[in-house]
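**Student:** The amino acid sequence is not available; the structure is as follows:
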């Protein structure tokens, strides 16, 4: 090839790049004029017979342009390739919004949803334990059933408080007297006075008296000073509570009985920055050979949390004016 030919080819290649760059600075070439100009310059630069043809997408389903450009190389037996990759190199802005934003408060969830939502957006809620959370699908399918990608999402996983996590971790677990007494003393601030409605409801349901926080704290202190003592006797009294009588370790004299309430009320925020929930807690113990093991059971606590999430979902519906659903959205397209 002569110097003149080489220079001409080099100039043409430079012109191709300049044309593509200038097109990219304004828009991606989406019609025949821009694409054919690129192909024509490429032909001049290489001397190879390249052609642009347009393939109709009629009958291929929704979401496609009317036709797509193809590059045909006659020198290679009519090899066909697309121009998409070359065009995408010069895209200035993303093709569409996608990705999942993860927020840490319900307020942030609402504010971010309101920032990005459109008429087709929707909110889904997982209300069951474990893993309750809210997911907003910004580009959800439209109201007239037009499909969309569902790739732009906002997710709020409910963060559990340390206080409630401590109660969950020991729920139903057998504890020694020392460990149980220590746990009750540490968690005393989480206890609440029962309301008249709660007293009436749970007294009838469990046939036992509902204890006040002071009574539970007295139990914890009474147990802590009798850690090394054996249980001499344990009986259930008329109120539904239990009485424990301990033997003094060295003298074997019977001490004063300790009253064990059958139930008390827990009041803690289950989720960070959330409202407090109230959960009945049943006390249980097992005596064997003078030794005693303690346990407690959070009554229907999963249902209490579910109701808390459902209340939040109603608030989200009001604040965002979007449809809300219990469940999970379809997998991403």
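**Tutor:** Perfect, I can see it now. Remember, predicted model here, so these are calculated numbers, not experimental data.
**Student:** and the longest strand for this structure?
**Tutor:** With secondary structure taken from DSSP state E, the chain has its longest strand at strand 276-288.
**Student:** Packing partners of it?
**Tutor:** In terms of contacts (3 or more C-beta pairs under 8 Å, 6 or more residues apart in numbering; DSSP states H and E), strand 276-288 is packed against helix 196-206, strand 230-236, strand 263-269, strand 291-298, helix 301-320. (Glycine included, C-beta is placed from N, CA and C.)
**Student:** how big is the angle separating the longest one from strand 263-269?
**Tutor:** Looking back up the chat, that one is helix 301-320. Angular relation of helix 301-320 and strand 263-269 on a 0 to 180 degree scale: 30 degrees, by axes from the mean of the first three to the mean of the last three C-alpha atoms, to 10 degrees.
**Student:** wait, what's in contact with residue 279?
**Tutor:** 265-267, 298-301, 304 (C-beta atoms under 8 Å, 6 or more residues apart in numbering).
**Student:** Out of these, name the two that are farthest from one another.
**Tutor:** For these, the farthest-apart pair by C-beta to C-beta is 267 and 300; their separation is 15.2 Å.
**Student:** Comparing the two, which residue is more hemmed in?
**Tutor:** A direct count of neighbours by other C-beta atoms under 10 Å for residue 267 and residue 300 places residue 267 higher, at 15 against 12.
**Student:** just to revisit the earlier point, mean pLDDT lowest for which of the helices and strands packed on strand 276-288?
**Tutor:** The minimum mean pLDDT among the helices and strands packed on strand 276-288 belongs to strand 230-236 (a mean of 49).
**Student:** for residue 171, phi and psi?
**Tutor:** Geometry field for residue 171 lists phi and psi as phi -60, psi 120, criterion degrees, to the nearest 10.
**Student:** Go through the helices and strands packed on strand 276-288 and name the closest to residue 128.
**Tutor:** Comparing the helices and strands packed on strand 276-288 by C-beta to C-beta, helix 301-320 comes nearest, at 6.4 Å.
**Student:** Check which helices and strands the closest one is in contact with.
**Tutor:** Right, helix 301-320 is packed against helix 106-116, strand 122-126, strand 133-137, strand 276-288, strand 324-326 by 3+ C-beta pairs under 8 Å, 6+ apart.
**Student:** angle of it against strand 122-126?
**Tutor:** Here helix 301-320 runs at an angle of 170 degrees relative to strand 122-126 (the same axes, to 10 degrees).
**Student:** which residues touch helix 301-320?
**Tutor:** Taking C-beta under 8 Å, 6+ apart as the criterion, the residues outside helix 301-320 that touch it are 106, 109-110, 113-114, 117, 123, 125, 127-129, 132, 134, 136, 158, 168, 171, 270-271, 274-275, 277-279, 322-324, 326.
**Student:** let's see it at 6 Å
**Tutor:** Contacts with helix 301-320, where a contact means C-beta atoms under 6 Å, 6 or more residues apart in numbering, come from 106, 110, 113-114, 123, 125, 127, 129, 132, 270, 277, 279, 324.
**Student:** Turn those into JSON lines, including distance to residue 93.
**Tutor:** Shown next, in JSON lines, are the contacts of helix 301-320 (distance: C-beta to C-beta, whole Å):
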{"residue": "106", "distance to residue 93": "31"}
{"residue": "110", "distance to residue 93": "27"}
{"residue": "113", "distance to residue 93": "22"}
{"residue": "114", "distance to residue 93": "23"}
{"residue": "123", "distance to residue 93": "27"}
{"residue": "125", "distance to residue 93": "32"}
{"residue": "127", "distance to residue 93": "37"}
{"residue": "129", "distance to residue 93": "41"}
{"residue": "132", "distance to residue 93": "36"}
{"residue": "270", "distance to residue 93": "42"}
{"residue": "277", "distance to residue 93": "45"}
{"residue": "279", "distance to residue 93": "50"}
{"residue": "324", "distance to residue 93": "31"}
